[in-house]
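**Student:** Let's see this in three dimensions:
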Amino acid sequence: MQVSVSGVPTRVHDGDTLNIGARSFRLYGIDAPELKESYGPVSREYLRSLVNGVTVTCQPTGKKSYLRYEPKCYLPSGLEINQLMVEAGMALDCRRYSKGAYRQFEPAGVRKKLVNKGYCR
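**Tutor:** Just a heads-up that it's a prediction; the model follows:
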C-alpha cells in the first residue's frame, strides 16, 4: 500500500482489523484482544461503532503483518482510529511496532484488564 485508501469499511474482524472492500487492514501499532479473549467482542463492537457507515481513510506506514497492511486510519473528523481504540481502553499500545507512540493514551489499569501478549509489552 503506497497511497491512502478511503472507503466505508465492509467488515470489522476484531478490535484492530477492518476491511475496506476486499482489502484487510490491521491498525498500526496497537493490539486489541482476540475475539475469544476477555473484552475481544467488546473491542470489536467499539471499532464497529466508530466506523459504522462513515468513510475511513487509511494512510500507509510501510508496515505489513500476515499479508495485511498496517496503516494509521482516520475518521472524517480527522481523529485517528488507532489512538481512539487505545484511549477507550479497547486496545494496547504495541511498543515493538509503534515505538511507544500510543502508550501515553492508555487509561490507567488497562494493562491489567486486557490480555497483554509478550510482544506488546
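**Student:** okay, now residue 10: neighbour count?
**Tutor:** With neighbours defined by other CB atoms under 10 Å, the count for residue 10 comes to 11. C-betas here are computed from N, CA, C, even on glycine.
**Student:** Equivalent analysis for residue 72, please.
**Tutor:** Counted with other CB under 10 Å, the burial measure for residue 72 works out to 20 neighbours.
**Student:** The helix ranked longest in the chain - contacts with which helices or strands?
**Tutor:** In the chain, taking DSSP state H as the definition, the longest helix is helix 40-51. Contact here means 3 or more CB pairs under 8 Å, 6 or more residues apart in numbering; DSSP states H and E; on that basis helix 40-51 packs against strand 11-14, helix 81-87.
**Student:** so what strands line up beside the shortest one?
**Tutor:** To tie it back to what came earlier, the one meant is strand 11-14. Each strand paired with strand 11-14, and its direction, by DSSP bridges: strand 17-20 (antiparallel).
**Student:** Downstream of the strand it pairs with, the next helix or strand is which one?
**Tutor:** Where DSSP states H and E defines the elements, the next helix or strand beyond strand 17-20 is strand 23-26.
**Student:** I'd like the average pLDDT over that following strand.
**Tutor:** On average, the pLDDT along strand 23-26 is 91.
**Student:** same thing with stretch 31-48?
**Tutor:** Per-region confidence: stretch 31-48 scores 94 on mean pLDDT.
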